[in-house]
Every structure is written in structure tokens, then in C-alpha cells.
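Asks: Here is a sequence with its predicted model. Questions after.
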Amino acid sequence: MTSSSSVPVLTIDGPSGSGKGTISRMVAEKLGWRLLDSGALYRAVGYAAGMEGLDLSDAEAVTRCAQTTKIRFVAATDGSDTRVMVNGHDATDELRTETAGGAASAIASIPSVRQALVDMQLAFRKAPGLVADGRDMGTVIFPEAPFKVFLTASAAERAKRRYKQLKEKGLSVTLATLQREIEARDERDASRTVAPLKPAADAVFIDTTGMGIDVVVAKVLAVVRP
């Protein structure tokens, strides 16, 4: 059996709306590696806390929730997005809303919540390899990963992408509100004391503003297979 430390890891970090999710999914598919969507874990805990009616600033209650929430990723049989089961409930669609994103960002600033999710994330490292998508994958969770990428794009571009995504899902949103939320979240993520959002010193920095998805995927794959 392969020891997990010998399993290659590609970390893809970046701010909200940088395209990490789509790019990570496509790269994992092309490499035939497993995928860890760490943002979904935080969103799932935020969602579970909301279902329990918890105050998200109550660190103790939210940490307990992080320790007890059962999260499962179920591959869709029809080729659509992976379903996320939270305590037995399919919460995939709820987890995509900006509300869930805001809840995730709020609880992610609680050190004990991050700690509760560390082991869960490390357990994803299994052969043949792992693509880890998040905000602190290359700096905190897999600092020794051999391959690291930091994806970014302008706030305006990220708001546009998010707007298109949410519109396609039939959600009513305005571009201005989305851009404000993205900028506020950037500020919160970059300034938090625990695991702030920043590129790992050894990460390859890719600004995807105005770049097509296939071009970005090729650039990321080139990090793993020069």
C-alpha cells in the first residue's frame, strides 16, 4: 500500500470566483487524480450550523458542529457535478449560494473550526494523486506538495463569472452586489489571523483575467507535466 506522503498533490489556491473549482475539476479529470474541494467542506459546516440555528460567531458551538457534521461527496452518475451530502441531506444546490459562501468565510476565521477540518482534508490524499482546491492548500494543509498553483483574476472579472454561473442556475443576483461581496470576502480572507489567503512562496502564480478555461487548464497541467 502506498504511504500517503508519497502520493503526489497539486494544490490550487485562490480567491472566490478565480475559477479554482472548474479548473481543479478539469485538471483532476485529465490527470485521473482525486479531487478535494475544501471550500465545500467549509460551506457544508456553515450550512449544517445554519440548519441547527447556531450563531456563526459562537466559536465553541460551530467547532462542535464541524466535529460532528457528516460530509460525503457522491459522484453523479450522469456526468453532472458531484453531489455533496450533509448529514444525509443532498445540500449541493444550497452550498452554491452566496449565503453559504459568506457562512463558510465567517466560520473559516475560527482557528478551532479549521483544525477540526484538517484531518478530514488530509484523508483525501490517496493514490494515484490529489488535486486540492482551496485557499490554504499550499500554505497550511499540504505545505510539502510538489506542485502548487495560485489562481487569481480581477474582482470585476470574478464577479462577472459568478453572475453568469448563478444566472444559469436561475438565481436572481446583481453584478454590483456580487462585486461588493467578492471584495468584502477578499478583504476578510486576506486579513484573518489564521491561514490568511496568500500564495505559497513556491506556488506558480496565474492571473486568469480575460483567459479562456482551456488555456488556464493547459497552464496548470504544465506545472505537473512540463
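Replies: Yes, it's here.
Asks: What residues of the helix or strand hosting Ala66 count as buried?
Replies: If you go by DSSP states H and E, Ala66 is part of helix 59-68. Judged by neighbour count (16 or more other CB atoms under 10 Å), helix 59-68 contains these buried residues: Val62, Thr63, Arg64, Cys65, Ala66. (Each C-beta comes from the backbone N, C-alpha and C, glycine too.)
Asks: Tell me the pLDDT of the last one.
Replies: I take that to be Ala66. For Ala66, the model assigns a pLDDT of 96.
Asks: Now it. Nearest residue, chain neighbours left out?
Replies: Once flanking residues are discounted, Ala66 sits nearest to Ala116: 3.9 Å by CB to CB, 6 or more residues apart in numbering.
Asks: Counting by contacts, list what the lengthiest helix in the chain packs against.
Replies: With residue count as the measure and DSSP state H as the assignment, the chain has helix 175-191 as its longest helix. Helix 175-191 sits against helix 98-107, helix 155-168, with contacts defined as 3 or more CB pairs under 8 Å, 6 or more residues apart in numbering; DSSP states H and E.
Asks: element containing the residue nearest to Ala66, please.
Replies: Per DSSP H and E: Ala116 is located in helix 111-122.
Asks: can you pull the buried residues of the longest helix of the chain?
Replies: In helix 175-191, the ones that count as buried by 16+ other CB under 10 Å are Leu178, Gln179, Glu181, Ile182, Glu183, Arg185, Asp186, Arg188, Asp189.
Asks: same check, this time on stretch 161-178
Replies: Residues of stretch 161-178 classed as buried: Arg161, Arg162, Tyr163, Gln165, Leu166, Val173, Leu178 (neighbour count, 16+ other CB under 10 Å).
Asks: Name all residues that make contact with the residue positioned nearest the centre of the chain.
Replies: Geometric centre of the chain, nearest residue: Gly39, 3.0 Å, by CA atoms, centre = their mean. Residues touching Gly39, when contacts are defined by CB atoms under 8 Å, 6 or more residues apart in numbering, comprise Lys20, Gly21, Ala104, Asp133, Gly134, Arg135.
Asks: Quickly name whichever of those residues is closest to Asn87.
Replies: Within the contacts of Gly39, the smallest distance to Asn87 is 16.4 Å, found for Ala104 (CB to CB).
Asks: So that closest one versus Val224, what's the distance?
Replies: Relative to Val224, Ala104 is positioned 27 Å away (criterion: CB to CB, to the nearest Å).
Asks: Of those two, which one has the most company?
Replies: Set side by side, Ala104 and Val224 show more neighbours around Ala104, with 24 against 17, by other CB atoms under 10 Å.
Asks: Return the distance of the helix holding Ala66 from the chain's centre.
Replies: Helix 59-68 sits 20 Å away from the centroid of its parent chain (CA atoms, centre = their mean, to the nearest Å).
Asks: next one: stretch 191-198
Replies: For stretch 191-198, the gap between its own C-alpha mean and the chain's C-alpha mean amounts to 15 Å (CA atoms, centre = their mean).
Asks: doesn't Phe147 make contact with Val9?
Replies: Yes: Val9 lies in contact with Phe147 (CB atoms under 8 Å); the separation is 6.9 Å.
Asks: So for the two, which residue has more residues nearby?
Replies: For Val9 versus Phe147, neighbours defined as other CB under 10 Å are more numerous around Val9 (24 against 21).
Asks: beta partners for that one?
Replies: Under the criterion DSSP bridges, Val9 forms beta bridges with Leu130.
Asks: just Val149 next, same as before
Replies: Taking DSSP bridges as the rule, Val149 bridges to Ile12, Val204.
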